[in-house]
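>>> Following is a predicted model, sequence given first.
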Amino acid sequence: MRVAIYIRVSTDEQATKGNSLTEQAERLPTYCKAMGWDPPVVYEDDGYSAKDLNRPAITRLLEDVKLRKYDMVLTTKIDRLSRRLLDLLNVIDYMKKYDCHYNSATESFDTSTPVGMMTLQILGSVAEFERQRIRERVRENHLSLARQGKMIGKPAYGYDNVDGDYEINIEESLIVKQIFQWTLDGMGPLSIAKKLNQLGVATKQGAQWEEKQIRRMLTSETYIGHFVYNRTGRDSSTAKVSRRPQEEWIVTEDHHPAIIDQETYDRVQEIVQSRRRDRHGFHGHDRYLLSGLVYCGHCGHKMHGRQRTRPRKTMDTRFEMIYSCSGYSKRGVCHFHFINRDDLENFVLSSLQEIARQKPEKLQLVLTEPVQQLSEKDLIMSKLAKLDTRMQKQIEAYERDAISIEDLKKARERIDKERMELHQSLQALNELHEAAEQIGTHSVIKDRLDDILSMDRVKAKQALATILHKIHIENGSEVSLVFKRLSHPDIKGSQRT
């Protein structure tokens with residue numbers, strides 16, 4: 001029995017409940033040994049909450065389960081895996097899909113039976129209820145601390161947390177002052193972010209600066225010594241962050257040392273507000289047919305649709321619609337380049353018309369990489385893994401003098417022959433599916449061509465999204481299309497990925 005054990009603690013649990021990593025790491029291998037299972041592989045998330053599955057170790061574990069590395073995943077309790085019932089049930093179903101069972105060392109249930117699944121759901125509901133209660137207690141505690149003027153969360157750039165108080169970080173505070181001064185000198189947030197990145201100045205997390213971080217910094221009362229808490233809140237059902245009514249804010253003036261004086265701050269707020277009034281955006285589902293599909297071929301970031309003012313010397317209309325690189329416009333990490341919206345859309349539509357007219361067997365479309373392994377491929381990969389195990393056992397037998405060198409050579413020859421045959425089968429299978437998916441994509445393009453060319457741009461946009469995965473743009477003119485892998489119902493073995 002190949003077993004993976006998953007251990008997890010969040011900070012408060014380790015301190016108050018005794019669910020330490022050490023305790024889990026000692027208990028679970030002992031449990032495996034008592035059950036007569038193989039020595040387990042440990043996956044550890046230290047300091048991560050179970051409110052969701054956004055944890056590095058469990059992500060690696062689920063990827064390895066998909067590769068069928070384990071027959072069993074073991075935890076001390078189900079709340080180590082997740083405290084959210086929906087996530088818990090989804091993970092259990094995911095494991096079943098790849099022939100991997102789940103077990104809790106302290107809660108006996110069999111998920112293969114209806115009674116076992118009912119028990120799991122009841123325990124999962126209790127775990128989710130407990131998480132919600134913990135969340136409420138944490139929020140109440142934070143509100144209480146905020147009313148007392150205590151610091152909550154990580155310190156803003158320019159400050160350090162020293163025994164729960166804001167203290168000025170001299171090196172970072174100089175950068176903060178420079179950012180405010182650059183704004184007074186006429187520089188915009190994007191230009192400031194780009195300049196900081198060029199100078200090699202990193203954020204507090206060691207990352208590159210973005211335009212939105214500069215905007216947030218310029219409007220933060222933290223830098224004039226004020227502490228504001230409960231300004232925004234997250235909806236538990238939608239996970240969206242929204243601004244709370246101002247009467248719910250908790251504001252403490254002169255809470256900590258200021259980096260920016262009030263006069264400078266007020267002048268910067270006037271500049272920020274004037275830019276907001278002058279800024280105009282252009283929106284609408286039908287305005288940019290390829291939005292969400294266009295990517296910069298240089299930096300990999302999306303290219304967003306926007307309106308560009310033409311140079312005054314241009315005799316054409318003053319404005320043009322373009323797709324421009326967000327890596328440059330939001331982060332300053334690429335160079336400025338764009339492509340005309342109409343030129344790109346006309347090229348894509350004409351290319352799809354030409355593809356629809358061609359014979360499918362002559363196509364060489366660029367398709368996405370498969371995101372799932374096909375069942376036949378899984379079987380072959382499993383057989384290859386078993387061959388490796390057989391060969392290892394033969395080597396071990398030779399080392400114990402259980403077989404002769406001649407027997408080892410014969411075994412190697414047999415296994416090498418089987419391995420070669422399996423690799424040939426795998427190559428033939430890949431070729432079959434590649435051909436099937438080329439034909440399948442061609443078939444869908446033909447079927448959806450009327451919608452793609454429709455005057456209803458919303459319908460056309462939806463049709464394009466079912467066919468295209470990405471459109472790469474380089475140097476504002478070089479266009480390459482990447483299509484989704486789409487199955488063809490008349491070819492055996494094809495599978496939508």
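Cool, got the structure.

>>> Tell me which stretches of the stretch 201-350 of the chain form strands.
Taking DSSP state E, counting those that start in this stretch to define them, one finds strands in the stretch 201-350 of the chain at 227-229, 232-234, 241-243, 250-252, 294-296, 303-309, 319-325, 338-340.

>>> average pLDDT for the fifth one?
The pLDDT scores in strand 294-296 average 93.

>>> which helices and strands does it pack with?
In this structure, strand 294-296 makes packing contacts with strand 303-309, strand 468-474, judged by 3 or more CB pairs under 8 Å, 6 or more residues apart in numbering; DSSP states H and E. Heads up, the C-betas are built off the backbone N, CA and C, glycines and all.

>>> For the first one, output the C-alpha coordinates as CSV.
Extracted in CSV, the C-alpha atoms of strand 303-309 (Å, rounded to 0.1, in the frame of the first residue of the first chain):
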residue,chain,number,x,y,z
MET,A,303,-3.0,42.4,-24.2
HIS,A,304,-6.0,44.5,-23.3
GLY,A,305,-8.3,46.5,-25.6
ARG,A,306,-8.3,50.2,-25.3
GLN,A,307,-8.7,53.4,-27.3
ARG,A,308,-5.6,55.2,-28.5
THR,A,309,-5.3,58.8,-29.5
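
>>> Pairing partners for that strand, with directions?
strand 319-325 (antiparallel) (DSSP bridges).

>>> where in this protein is pLDDT low?
Per-residue confidence for the chain (pLDDT under 70) gives these ranges: 11-19, 108-153, 164, 229-244, 246-251, 274-286, 310-319, 369-377, 426-437, 487-497.

>>> Got the domain ranges for it?
Partitioning the chain according to automatic domain parsing yields domains covering residues 3-145, 149-278, 284-497.

>>> for the chain, which helix is longest?
The helix spanning the most residues in the chain, taking DSSP state H as the definition, is helix 405-452.

>>> Wasn't D99 part of a strand?
No: judged by DSSP: H, G, I helix; E, B strand; the rest coil, D99 forms no part of a strand; its state is coil.

>>> Output the domains of the chain in JSON lines; the columns should cover mean neighbour count.
Compiled in JSON lines, those are given as follows (neighbours: other CB atoms under 10 Å):
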{"stretch": "domain 3-145", "mean neighbour count": "16"}
{"stretch": "domain 149-278", "mean neighbour count": "15"}
{"stretch": "domain 284-497", "mean neighbour count": "15"}
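
>>> Which one, of the helices and strands packed on strand 294-296, ends up nearest to K383?
strand 468-474 (31.5 Å; CB to CB).

>>> just checking, what packs against whichever helix or strand comes after that closest one?
The helix or strand immediately downstream of strand 468-474 is strand 478-483, counting by DSSP states H and E. Contacts of strand 478-483 with other secondary structure elements, assessed using 3+ CB pairs under 8 Å, 6+ apart, are made with helix 341-357, strand 468-474.

>>> JSON lines for those, including distance to Q394?
As requested, the helices and strands packed on strand 478-483 are arranged in JSON lines below (distance: least, CB to CB, whole Å):
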{"stretch": "helix 341-357", "distance to Q394": "52"}
{"stretch": "strand 468-474", "distance to Q394": "45"}
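
>>> quick one: which of the ones you listed is nearest R80?
Taking CB to CB as the criterion, R80 comes closest to strand 468-474 out of the helices and strands packed on strand 478-483, the separation being 36.7 Å.

>>> could you say what helices and strands the closest one packs with?
Under the contact criterion of 3+ CB pairs under 8 Å, 6+ apart, the helices and strands touching strand 468-474 comprise strand 294-296, helix 341-357, strand 478-483.

>>> closest one to L408 among the ones you listed?
Nearest of these to L408, taken as CB to CB: strand 478-483 at 47.9 Å.

>>> all helices in the stretch 51-200 of the chain, in order from the N-terminus.
56-66, 78-81, 85-97, 114-147, 170-184, 189-198 (DSSP state H, counting those that start in this stretch).

>>> what sits against I445?
Taking CB atoms under 8 Å, 6 or more residues apart in numbering as the definition of contact, the neighbours of I445 are 352, 355-356, 452, 467.

>>> Reformat the residues you listed as TSV; add distance to E44.
Shown next, in TSV, are the contacts of I445 (distance: CB to CB, whole Å):
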residue	distance to E44
L352	49
I355	49
A356	52
I452	49
I467	42
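
>>> re earlier: now the helices and strands packed on strand 294-296 in CSV, with distance to L379?
As requested, the helices and strands packed on strand 294-296 are arranged in CSV below (distance: least, CB to CB, whole Å):
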stretch, distance to L379
strand 303-309, 41
strand 468-474, 28
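
>>> Of all the ones you listed, which one is nearest L363?
strand 468-474 (15.0 Å).

>>> Identify the residue nearest L190 in space, chain neighbours excluded?
Leaving aside its chain neighbours, L190 sits nearest to E211 (4.6 Å; criterion: CB to CB, 6 or more residues apart in numbering).

>>> To S443, which of the helices and strands packed on strand 478-483 lies closest?
S443 lies closest, by CB to CB, to one member of those: helix 341-357, at 9.7 Å.

>>> So what touches that closest one?
Contact partners of helix 341-357, identified using CB under 8 Å, 6+ apart, comprise 288-290, 294, 305, 320-323, 363, 365, 442, 445-446, 449, 452-453, 464, 467-468, 471, 473, 479, 481.

>>> got the angle for that helix vs strand 303-309?
With axes from the mean of the first three to the mean of the last three CA atoms, to 10 degrees as the criterion, the two stretches helix 341-357 and strand 303-309 enclose an angle of 140 degrees.

>>> ok, I339 touching C325?
No: under the criterion of CB atoms under 8 Å, I339 makes no contact with C325, lying 9.7 Å away.

>>> joint contacts of the two?
Both I339 and C325 are in contact with M303, where contact means CB under 8 Å, 6+ apart.

>>> So which residue is smack in the middle of the protein?
Averaging the C-alpha coordinates of the chain gives a centre point, and the residue nearest to it by CA atoms, centre = their mean is N54 (8.8 Å).

>>> List the residues that contact that residue.
Counting by CB under 8 Å, 6+ apart, there are no residues that N54 touches.

>>> how much space between it and R83?
With distances taken as CB to CB, to the nearest Å, N54 is found 13 Å from R83.

>>> Likewise for H335?
With CB to CB as the criterion, H335 and R83 are 46 Å apart.

>>> Spit out the contact partners of the residue lying closest to L464 once chain neighbours are set aside.
Computed as CB to CB, 6+ apart, the closest residue to L464 that is not its neighbour in sequence is I452, at 6.0 Å. Residues touching I452, when contacts are defined by CB under 8 Å, 6+ apart, comprise 349, 352, 445, 460, 463-464, 467.

>>> phi, psi of the nearest residue to K177 once chain neighbours are set aside?
With CB to CB, 6+ apart as the criterion, K177 has its nearest non-adjacent residue at 6.5 Å, and that residue is I259. According to degrees, to the nearest 10, the main-chain angles of I259 amount to phi -100, psi -30.
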